[in-house]
Each structure stands twice: as C-alpha cells, then as structure tokens.
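[1] Got a predicted structure here, sequence first:
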Amino acid sequence: MQRREILKKGLVGLGGVAAASTIAAPAIAKERVEIAMVATWGRDFPGLGTGAQRFAKRLSDMSDGRIQVTYYAAGERVKAFDSFDEVASGNAQMYHGAEYYWKGKHPGWAYFTSVPFGLTYTEMNAWIRFGGGQELWDELGADYGLKGLMCGNTGVQMGGWFRKEMNSVDDFKGLKMRMPGLGGDVLAKLGGSPVSLPGGQIYENLISGSIDATEWVGPWNDELMKFYEAAKYYYYPGMHEPGAMLACGMNKTWWDGLSKSDQMMIEAASSMENDVMMSEYNYKNGAALKRLINDQGVKLRQFNDDIYDGFAEASEEVFAEVQEHSDLANRIHQSFVTARTDIGAWAEISDQAYLQQRNRALGG
Ligand code: CA
C-alpha cells in the first residue's frame, strides 16, 4: 500500500518531492521533501531576513531533516522581486516576502501585507484566521498558482524620517519621499512624490538629497540604517503600514501534493514565525528608540490631527480606485473594512483603552 502510494505520487511527478523509501522501509517512513526557498530580503537582514532564515531552519529541524530547506536570500538565486515568478512557475517551492510587492499584478495583494489605515498585528491575525481573510488570500493566490501563509510581522511602523517638522498636510506637497505600497499612492494624492527604493539604496539617496524623507520600518531596523545622519525628525505613527505581515508563499500545485501532516508542519512553523518575529520587533524597538533619542539626538514627533485627517481623506480616494479594479479586489476590500470596523471596535475598548489608562495612571 505504502509502496503503491509512493509509486503513484512519483508518476504524477511532484516537483521537489523525492521518494527515498525502499520496499524494505518501515511503514512509517515518509518521503523526503526538498524545498528551494527564495526571499525578498538580503542575507542576515535583521528581523525580516533573519526571521525568514529562522523559519527555514525550523522547518528542517522540526522534521529531523526530512524536510530539507535550501534558503536563498535576495540576489542569491533570483532578485528580490522575481521571487513571485520563481515560485509561481514551480522553479522554487517557497518564498518569504511581503505580498504588497505584487500589487502591480493585482491590488488585492497589498491587503495581505498592510494598507493605509489598515489592521494592527492582532487585528490582522483575527481577520486572516477568523474573518475570511485566509479564504480571500487563497482565492487570489490560486489565480497565480500560489498558496500563502502568515509568516512574520513588523508591527506598527514609524511614520518616517524628515529634515524639518511636518506641521500640516500642505507640508507633504512636493515632498520626495521613499514609500512603497498603497501608502505611496496616498502620498501622491497629497501632492507628494513617492519613490520606491529597495532598502539598500535609501541611505545614499537621503544623504545626497535625492529624496527629502523616507520611511523604512521602526527604531530597531531604522537605527541600523543611520537615517538620523540626514534627517533628525522621526514621526509616528505611520498610517501606511500599521502591521506589516510577512508571508510564506508556496507553489500551489506543490502544496496540494504534500501529505496532510507535511502541510500541518509547514503551517505550524509559519505560524510560529508570525509570532516570534513580532515578539522580536516589539522587544528590540523599545531599546533602539531610547538609543536614537539619547545617543543620536533624534527628535521624536507625533503627526497631528490635521495631517492624519489629510491621510484619511487621501486613503479613501486610493481605496475607491482599488475597488474599481475587479470583483475580487472589491470583495477583499469589503472584508477588510468589516474586519477593521468589528475587530477595531473591540480593540478600542480593550487593548487601546487599557494601555491609555495604564500609562496615564502610572504617569508614563
Ligand atoms: Ca515600511
């Protein structure tokens, strides 16, 4: 039976799955699974890259090496933004990346990383797991031959680095700022010029004056980029990526051919990274923020209501365009709005109300 199943699977030609069992193997022996995993991050990039590498190693370790993952950072096998095609085509089985990089293929992808005025980490998890988010993600992915799983999060991102104080929404007119995703489209609606640059090119463009401002992630990652050498004003909170979720994207045909237990092992490893990466960001951001202010003279500022109202109005214009794209884009947007309304109403009187009172009462 075991042998017949293996032979049958071999005949349908499952890419990347090698039948290592022999006739004499015990009945519990399982197939070795080989995974080529590409990524949109540079090797050892803290948080995003190291999280992806930790996920790859975990998959091998938790299966005692039966699942063999060969990890390729950006540029080691394909360029960062070619990860999508590499996996959709079946050349590689898996990528780790941010789905909003594919918004040019379909705007729906943006919702599975983060959108302006989007969901926080806990809200995103609730939407994906219980609010219909995963089903819509699966529907979108199937159109491209992909299957995605939650696999990390940066949490609320900072609003960005500016050379001068930002006092009104008019200050964004003519501002050349690095901001990818739908957030960049919001900036454009305000009269700014969004620029999309890979992480490795932001610093030189900011120092040379080619761009006026930039967003990146948060204190831990931004400190390493040394943006404070060119721009001292560090604004919060970012409206553009309030909880950027990272994804494990897989070739759907390959995924469908895996055993149930192998699928569950990948789901478990991916879900664990979703949690571990968020924990790491939360822990390291606090200490890094203190160093930026105390050691580097960074001036921390909060966006005022006028600016936030301008962001909100512009983001509605961007969302109106997204909904016109297609039936699926409209359904993803509607499901997202329902989640933001319902889960957000609970967050307002739970996490948000509690943190406000805790910090007020303790004078913090
Ligand atoms: Ca960012």
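    It's in.
[2] which ones are touching whichever residue of the stretch 1-150 of the chain sits closest to the ion?
    Nearest to the ion, among the residues of the stretch 1-150 of the chain, is Ser114, at 8.4 Å (Cβ to the ion). Using the backbone N, CA and C atoms, a C-beta is placed for each residue, glycine as well. In this structure, Ser114 makes contact with 100, 124, 157, 181, 240-245, judged by Cβ atoms under 8 Å, 6 or more residues apart in numbering.
[3] Compile those residues into JSON lines and extend it with columns for neighbour count, distance to the ion and secondary structure.
    Shown next, in JSON lines, are these (neighbours: other Cβ atoms under 10 Å; distance: Cβ to the ion, whole Å; DSSP: H, G, I helix; E, B strand; the rest coil):
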{"residue": "Tyr100", "neighbour count": "22", "distance to the ion": "10", "secondary structure": "helix"}
{"residue": "Met124", "neighbour count": "27", "distance to the ion": "15", "secondary structure": "helix"}
{"residue": "Gln157", "neighbour count": "24", "distance to the ion": "5", "secondary structure": "coil"}
{"residue": "Gly181", "neighbour count": "25", "distance to the ion": "8", "secondary structure": "helix"}
{"residue": "His240", "neighbour count": "27", "distance to the ion": "7", "secondary structure": "coil"}
{"residue": "Glu241", "neighbour count": "29", "distance to the ion": "5", "secondary structure": "coil"}
{"residue": "Pro242", "neighbour count": "21", "distance to the ion": "11", "secondary structure": "coil"}
{"residue": "Gly243", "neighbour count": "20", "distance to the ion": "11", "secondary structure": "coil"}
{"residue": "Ala244", "neighbour count": "26", "distance to the ion": "6", "secondary structure": "coil"}
{"residue": "Met245", "neighbour count": "29", "distance to the ion": "12", "secondary structure": "strand"}
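[4] Model confidence score at the residue of the stretch 1-150 of the chain closest to the ion, please.
    Among the per-residue scores, Ser114 holds a pLDDT of 96.
[5] Let me know the secondary structure of it.
    With DSSP: H, G, I helix; E, B strand; the rest coil as the basis, the three-state label of Ser114 is coil.
[6] Could you do the one 3 residues further on as well?
    Classification of Phe117 using three-state DSSP returns coil.
[7] if we can go back for a sec, I'd like the contacts of Ser114 as a markdown table, with pLDDT appended.
    What follows is the contacts of Ser114, written out as a markdown table (pLDDT from 0 to 100):
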| residue | pLDDT |
| --- | --- |
| Tyr100 | 92 |
| Met124 | 98 |
| Gln157 | 97 |
| Gly181 | 84 |
| His240 | 96 |
| Glu241 | 95 |
| Pro242 | 95 |
| Gly243 | 94 |
| Ala244 | 96 |
| Met245 | 98 |
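[8] for those, which one is nearest Leu149?
    Met245 (10.3 Å; Cβ to Cβ).
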